[in-house]
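Q: Generate a structure from the sequence data that follows.
(one chain, ligands or ions: 1)
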Amino acid sequence: MGSPARHDVEIAVVGGGPAGLIAAIACAEAGFSTVLLAERHEITDRRTTALLDASVRMLDTVGLWQSIAEFATPLKVMRLIDDTGRLLRAPEAAFDAAEIGLEAFGYNVENKPLVETLSARAEATPHLVWIDTLAAAFELGETQAEIVLANGDTVASKLVVGADGRNSPSREAAGIALRQWRYDQAAFVANFHHEVGHNNTSTEFHTPTGPFTLVPLPGNRSSLVCVERPEVAEGLLAMDEAALNAEIERRAHSLLGAMELCSPRQVYPLSSFVARAFAQSRVALVGEAAHGFPPIGAQGLNLSLRDIATLAELCVDHRMRGEDIGAAQAMTRYDAARRPDVWSRTLGVDALNRALLSDFLPAQTVRGVGLYLANRVGPLRRFLMREGITPRLGQPKLMRGIALRAS
Ligand SMILES: Cc1cc2nc3c(=O)[nH]c(=O)nc-3n(C[C@H](O)[C@H](O)[C@H](O)COP(=O)(O)OP(=O)(O)OC[C@H]3O[C@@H](n4cnc5c(N)ncnc54)[C@H](O)[C@@H]3O)c2cc1C
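A: Numbers count the residues shown, from 1 in each chain. As a prediction, the model looks like this:
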């Protein structure tokens, strides 16, 4: 073993999940000397991600979409079905992307090939050095950040991009606390083969314990996210396969015919959390290091891509003006830019989730009337569709198809 090395760069990205990989590629593509600090490991994540229209445009702008498109399934129609069995039920609502002039709302991709594709691309990106290790300690100084790595090397950078997930060590090092609250819910996830074609329609059943959502995959396959009480989700995890297939068909009201499990099963406990600041002391947070909430309406990673697009754009702006990309002023700008989008999505998803769980009649009425109006009133429906996939607030350049160049 040689002696420990020192790497001097402009940006150090910590974490090799989807957010970290995309952040590292986007920063390097914009021309910043970048290191990615992430351990390479077998990808065990069996979830899928619905990447919405603006996210697809961003990935295309940084040259990533073409290789992802090979395993992506278009989502053309989103159907919401009230399966609460309550007295006051919302009408079934269907939203068609063609109504707002889009071929698809977005594309569903499996996280495993997504992360593998992003990893291969990160390896081949100029200006990007991937160091296969964990960040062990952070010293966040006035003029630079220093990270000591688990392999003994040191990285000095102007900016640390914290993409190190919900327990984020970089967030902790920057002294940023979380606001968090838990739900008595967990998400059971697995993929199923089905008898009947999905017609590129995703279907979300609203049940009294949370949404039960089937999202199209290639062929006659769909990914399932079933939000349930934790003990019921654990029960689905342990259930004999034939019984599980029958149970999922029952819950899907045989809409797609007989179901057959075609992936390992996983359970994710649900909570919401938001960092009290999105940037501080040369650390800017993206992805689940900054925020997390229940999987309703495919928002999580899409919100993370808006973090990344905004941060990369601000870095270019600061660099072009000859300013320090990690200075306090740059941190304040990023924090202010992300606050409205992150909080409005987090509280929106929280409200939807609670309205679903609530036995409280006024909450059911608001939900029912909301869906009724969305179904009947064309302009409102089209507004909701546009807002759902791309908020009016926060449309950074990369999401408008404008490439970033720092020089
Ligand atoms: C059931 C479910 C379904 C979902 N479906 C959707 C969907 O359809 N659409 C959508 O947009 N979002 C969805 N989400 C949300 C989405 O999956 C997450 O937002 C996303 O996976 C988070 O990615 P990330 O890169 O921020 O975090 P992670 O994937 O957690 O990555 C963090 C990485 O940092 C690494 N790390 C930690 N500490 C260190 C360290 N010291 N040094 C180096 N590396 C470190 C970890 O090992 C990990 O690899 C869903 C979530 C759930 C639970």
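Q: if I pick residue 226, what's in contact with it?
A: Residues near residue 226 by Cβ atoms under 8 Å, 6 or more residues apart in numbering: 187, 188, 189, 210, 212, 213, 233, 236, 248, 251. In this view, the C-beta of every residue, glycine as well, is placed from N, C-alpha and C.
Q: What number of neighbouring residues does the fourth one come out with?
A: In other words, residue 210. Here the count is done by other Cβ atoms under 10 Å, and residue 210 has 26 residues near it.
Q: In this structure it contacts residue 230, no?
A: No: if you go by Cβ atoms under 8 Å, residue 210 and residue 230 don't touch, sitting 11.1 Å apart.
Q: Please enumerate the shared neighbours of these two.
A: By Cβ under 8 Å, 6+ apart, the residues touching both residue 210 and residue 230 are residue 185.
Q: Geometric centre of this structure: which residue is closest?
A: residue 301 (1.3 Å; Cα atoms, centre = their mean).
Q: distance of that one from the ligand?
A: Noted for residue 301: a distance of 3 Å to the ligand, by Cβ to the nearest ligand atom, to the nearest Å.
Q: Report the contact partners of residue 121.
A: Contacts for residue 121 (Cβ under 8 Å, 6+ apart) come out as 21, 25, 64, 67.
Q: so the third one touches residue 120, yeah?
A: Which is residue 64. No: contact criterion Cβ under 8 Å: residue 64 and residue 120 do not qualify, at 10.6 Å.
Q: ok, the two, which is more surrounded?
A: When neighbours are counted by other Cβ under 10 Å, residue 64 and residue 120 differ, and residue 64 comes out ahead with 21 against 11.
Q: and that one, what does it touch?
A: 22, 25, 117, 118, 121.
Q: Most neighbours among those, which one is it?
A: Counting neighbours by other Cβ under 10 Å, residue 22 comes out on top of these with 30 neighbours.
Q: ok now the strand or helix carrying that residue, how far from the chain's centre?
A: Assessed by DSSP states H and E, residue 22 sits inside helix 18-29. From the chain centre to the centre of helix 18-29 is a distance of 14 Å (Cα atoms, centre = their mean, to the nearest Å).
Q: Off-centre distance for stretch 29-37?
A: Counting by Cα atoms, centre = their mean, stretch 29-37 is centred 21 Å from the centre of its parent chain.
Q: Average pLDDT for that stretch, rounded please.
A: Mean per-residue pLDDT for stretch 29-37: 97.
Q: what residues does that stretch touch?
A: Contacts for stretch 29-37 (Cβ under 8 Å, 6+ apart): 7, 9-16, 20-21, 24, 27-28, 62-63, 122, 125, 127-131, 133-135, 147, 149, 155, 157, 312, 315-316, 319, 325, 403-407.
Q: same thing but at 6 Å, please
A: Stretch 29-37 is contacted by residues 7, 9-14, 24, 27-28, 62, 127-131, 135, 155, 312, 316, 404-407 when judged by Cβ atoms under 6 Å, 6 or more residues apart in numbering.
Q: From the residues you listed, pick out the ones that also neighbour the ligand.
A: Counting by Cβ under 6 Å from any ligand atom, 14, 135 from these sit close to the ligand.
Q: and the contacts of stretch 29-37, which of them are in strands?
A: Residues of those located in strands (DSSP state E): 7, 11, 12, 13, 14, 128, 129, 130, 131, 135, 155.
Q: farthest pair in these?
A: 128 and 135 (16.3 Å; Cβ to Cβ).
Q: got the CA coordinates for the helix holding residue 22 in PDB?
A: Extracted as PDB, the C-alpha positions of helix 18-29 are listed here (Å, rounded to 0.1, in the frame of the first residue of the first chain):
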ATOM      1  CA  PRO A  18     -28.900   7.900  -7.600                       C
ATOM      2  CA  ALA A  19     -28.700  11.500  -6.300                       C
ATOM      3  CA  GLY A  20     -24.900  11.400  -5.700                       C
ATOM      4  CA  LEU A  21     -24.100   9.800  -9.000                       C
ATOM      5  CA  ILE A  22     -26.200  12.300 -11.000                       C
ATOM      6  CA  ALA A  23     -24.900  15.200  -8.900                       C
ATOM      7  CA  ALA A  24     -21.300  14.200  -9.600                       C
ATOM      8  CA  ILE A  25     -21.900  13.700 -13.300                       C
ATOM      9  CA  ALA A  26     -23.800  17.000 -13.600                       C
ATOM     10  CA  CYS A  27     -21.000  19.000 -11.800                       C
ATOM     11  CA  ALA A  28     -18.200  17.400 -13.800                       C
ATOM     12  CA  GLU A  29     -20.100  17.900 -17.100                       C
END
